[in-house]
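1. I need the structure of the sequence given here:
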Amino acid sequence: MKQQINTFLKYNLSLLGFGLLMSFFSSFGQTFLLSLYVPSIEELLNISNTEFGTIYAVATIGSALTLPWIGGYFDKIDTKRYSLMVVSGLFAALLLLSFSYHVIIVVIAFYGLRLFGQGLMTHTSVSSMARYFSTDRGKAIGAASLGHPAGEAVLPILITLLIGSIGWRGALHVSSLSCIVLVAPLALLLLNRSKTRIRAYQMQTHAVKSRQKKVRIMEVVRQRKFWIITPVIFIVGFTNTAIFFFQLKLGEAKGWSPEWVAGSISAFAIAGAIGMTGIGTLVDRFTAKKLFPFHMFLYMMGLLALVLFEHRLVYPIALTFIGLGHGTGRTIKDAMLAEIYGSDNIGQIRSVFITVMVISTALGPIFFGILLDMNMSYTIIFKGVLIVTLIAILNGLRRI
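-> Okay, here's the model as predicted:
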C-alpha cells in the first residue's frame, strides 16, 4: 500500500500540487479568514454585528447564485485560462476590499471574495482532480483538499501578524499581491509540468465532447439523486459555519475561555486533513456511492458531544469528530459526483452543488443568530441540528 501511494505521488506530484495550491489560497475567501477583518470594517462603517452579518449573507448568496454560470465555464475553456481568470478575480476582490470606504464597495468586495475565493478556487482544485484522475480519483481529491486544513492552520496566524504590523488594509494589499506574484505563476508552472496527463485526457475525450450534451441546471435539480445528495451537503455547510461564526459565544455559554476555543480549531483542521486523505483509498476501492452518507455518523458524534457535555475538553473532541466527518465527506462527495455524472461536465455539475453549499454557509449564522436572540440555548439548538442531520442521513441511504 505504501509503495502504491509513493508511486502515485511520484508520477502526479505537479498536478496534485496545483490542486493543493488552489485549495490553500481559497482561504482568502473563507469565513475563518475574512472574520479577522470584521472588527476593523465594522468600526470603519460604524455598523452593528447584525448589519455586518446581513452584508455578509447578501454577498455570499449573491456569489452562490452566480457560481453555476461561471463554474460551468470550467468545462468549456482551457484549465490554464480558467485558473488565471479565477486568481485574477480573487486579486481584484482583495484589492477592492483594501480600498473600501463605503458599504456598497464592501458588499461588492465580499461578493468577489466569496465567489472567487471560497467558491471558484475550490471548484478549480477539485474539478481538476475529478477530471484528470479516474482510477485514483479519491486519493487525488483527498491530497489536493489538504490545502483547506493547511490554510486553516497557517493563514490566520500570518494575517493576524500582518494586521498587527501594517494594518488591515496593508494585510489585504499583501494578500492581493501574493495572487499575482505567487499563485498565478506557480499554477501555470504546475499545469505545464502536468501536460502529459492533461493531453491524455483531452485525446481520450475529444470525440466524446463533440457529441456531448450540454447540462442544464434545472435538469440536474429536478433529478431524484440531487435531492438525495443535497441535504447532506447543506447541513454540513450550515452547521460548520454557524459553529465557527459564534464559537466565542458558544465558549462563553459553556464556560470556556476564548483562548481555549480558538486553540481548539486546530483539532478540526488536523482531523479534516486525516479524513480527506484517509478516505481516498477506500473511495477508490469501494466507490464513493457506497460510502455515502456513512461519514455523517462521525459528524453526528461531534454534535452529540456538544449536547451532552460541558467540560472544556469536549470542544476539541467534538471538533475532531466534526472534522473527520467533514473531511471524509468532502472527498466522498466530490468523487461521487464524478462517478454519477461523469467527468466531462464536472465543472457545471460541481458548481450546482457548490451553490447549495455556499447558500448553506450564508444561512447558518442567520438562523443560529435568530435562535440565540430568542434566548434559545446551544443545547436545544444542537439537538435540533442532530434531528435534521439524522433525517438527512436516512434520506441519503436511498439508492442514488
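
2. quick one, helices of the stretch 51-200 of the chain?
-> Applying DSSP state H, counting those that start in this stretch to the stretch 51-200 of the chain gives helices spanning 79-98, 103-112, 122-132, 137-144, 147-178, 184-192, 195-210.

3. nearest to residue 358, of those helices?
-> helix 122-132 (10.0 Å; CB to CB). C-beta here means a position set from N, CA and C on the backbone, and glycine is covered the same way.

4. return the helix or strand in the chain with minimum mean pLDDT.
-> helix 195-210 (a mean of 60; mean pLDDT, DSSP states H and E).

5. after that one comes which helix or strand?
-> helix 217-222 (DSSP states H and E).

6. let me know the average pLDDT across that next one.
-> Averaging pLDDT along helix 217-222 gives 80.

7. which elements pack onto whichever helix or strand comes after that helix?
-> Counting by DSSP H and E, the next helix or strand C-terminal to helix 217-222 is helix 224-245. Here helix 224-245 touches helix 31-34, helix 296-308, helix 314-341, helix 346-373, helix 378-396, going by 3 or more CB pairs under 8 Å, 6 or more residues apart in numbering; DSSP states H and E.

8. so which bits of the following helix or strand past the shortest one are buried?
-> Same thing as helix 31-34. Later in the chain than helix 31-34, the nearest helix or strand by DSSP H and E is helix 38-45. Buried residues in helix 38-45, counting neighbours by 16 or more other CB atoms under 10 Å, are found at 41, 44, 45.

9. got it, and stretch 220-237?
-> 220, 225-226, 228-237.

10. closest one of those residues to residue 271?
-> When the buried residues of stretch 220-237 are compared against residue 271 (criterion: CB to CB), the nearest one is residue 236, at 13.8 Å.

11. so what's the closest one up against?
-> 296, 299, 325, 326, 329, 357, 360 (CB atoms under 8 Å, 6 or more residues apart in numbering).

12. what does residue 71 give?
-> 119, 120, 123, 347, 348, 350, 351, 352, 354.

13. the same query, at a cut-off of 10 Å, please.
-> With contacts defined as CB atoms under 10 Å, 6 or more residues apart in numbering, residue 71 is in contact with 82, 86, 115, 119-120, 123-124, 127, 346-355.

14. next: residue 290.
-> Going by CB under 10 Å, 6+ apart, residue 290 touches 282, 283, 332, 336, 339, 400.

15. excluding its backbone neighbours, what's nearest the first one?
-> Here the nearest residue to residue 282 in space, its sequence neighbours aside, is residue 291; by CB to CB, 6 or more residues apart in numbering that works out to 6.5 Å.

16. go ahead and confirm that neighbour touches residue 281.
-> No. The pair residue 291 / residue 281 is not scored as a contact, 11.4 Å apart, by CB atoms under 10 Å.

17. who has more neighbours, the two?
-> residue 291 (20 against 17; other CB atoms under 10 Å).

18. and the more buried one, what pLDDT?
-> pLDDT, read off for residue 291, is 87.

19. and if you look at residue 47?
-> 79.

20. pretty sure it is touching residue 103, no?
-> Yes. Under the criterion of CB under 10 Å, residue 47 makes contact with residue 103 at 7.3 Å.

21. quick check: neighbours shared by the two?
-> Common neighbours of residue 47 and residue 103 (CB under 10 Å, 6+ apart) are 41, 55.

22. re earlier: which residues do residue 291 and residue 281 both contact?
-> residue 138.

23. picking that back up, where's the dip in pLDDT among the contacts of residue 236?
-> residue 357 (84).

24. which residues sit in contact with that residue?
-> Per CB under 10 Å, 6+ apart, neighbours of residue 357: 64, 67, 118-119, 122, 230, 233-234, 236-238, 240-241, 333.

25. just to revisit the earlier point, out of the contacts of residue 290, which comes closest to residue 167?
-> residue 332 (41.6 Å).

26. so what pLDDT did the closest residue to that closest one other than its chain neighbours get?
-> Excluding the flanking residues, the one nearest residue 332 by CB to CB, 6+ apart is residue 288, at 4.7 Å. With respect to pLDDT, residue 288 scores 86.

27. identify the residues contacting residue 288.
-> Here residue 288 is in contact with 137-138, 141, 279, 282, 331-340, 400 (CB under 10 Å, 6+ apart).

28. can you list the low-confidence ranges for the stretch 151-300 of the chain?
-> Applying pLDDT under 70 to the stretch 151-300 of the chain flags residues 196-198, 200-215.

29. at 50 instead, please
-> By pLDDT under 50, the weakly predicted segments of the stretch 151-300 of the chain are 210.

30. what's the local residue count around residue 374?
-> 7.

31. and if you look at residue 395?
-> 15.

32. okay, it: pLDDT?
-> Looking at residue 395, the pLDDT reads 91.

33. quick one: contacts for it?
-> Contacts of residue 395 by CB under 10 Å, 6+ apart are 227, 228, 229, 230, 231, 232, 293.

34. for residue 340, see how far away the second one is.
-> If you measure residue 228 against residue 340 using CB to CB, to the nearest Å, the figure is 10 Å.

35. what of the first one?
-> Counting by CB to CB, the gap from residue 227 to residue 340 is 13 Å.

36. now do residue 115
-> 25 Å.

37. same question for residue 332.
-> Counting by CB to CB - residue 332 and residue 340 are separated by 12 Å.

38. before we move on, what about residue 353?
-> Residue 353 is 11 Å from residue 340, by CB to CB.

39. can you check residue 349 too?
-> Taking CB to CB, one finds residue 349 at 8 Å from residue 340.

40. repeat that for residue 302.
-> From residue 302 to residue 340 the distance is 27 Å (CB to CB).

41. likewise residue 244?
-> Residue 244 is 30 Å from residue 340, by CB to CB.

42. quick one, which of the contacts of residue 236 are buried?
-> 296, 299, 325, 326, 329, 357, 360.

43. apart from its chain neighbours, what residue comes closest to the second one?
-> Translated: residue 299. residue 325 (3.0 Å).
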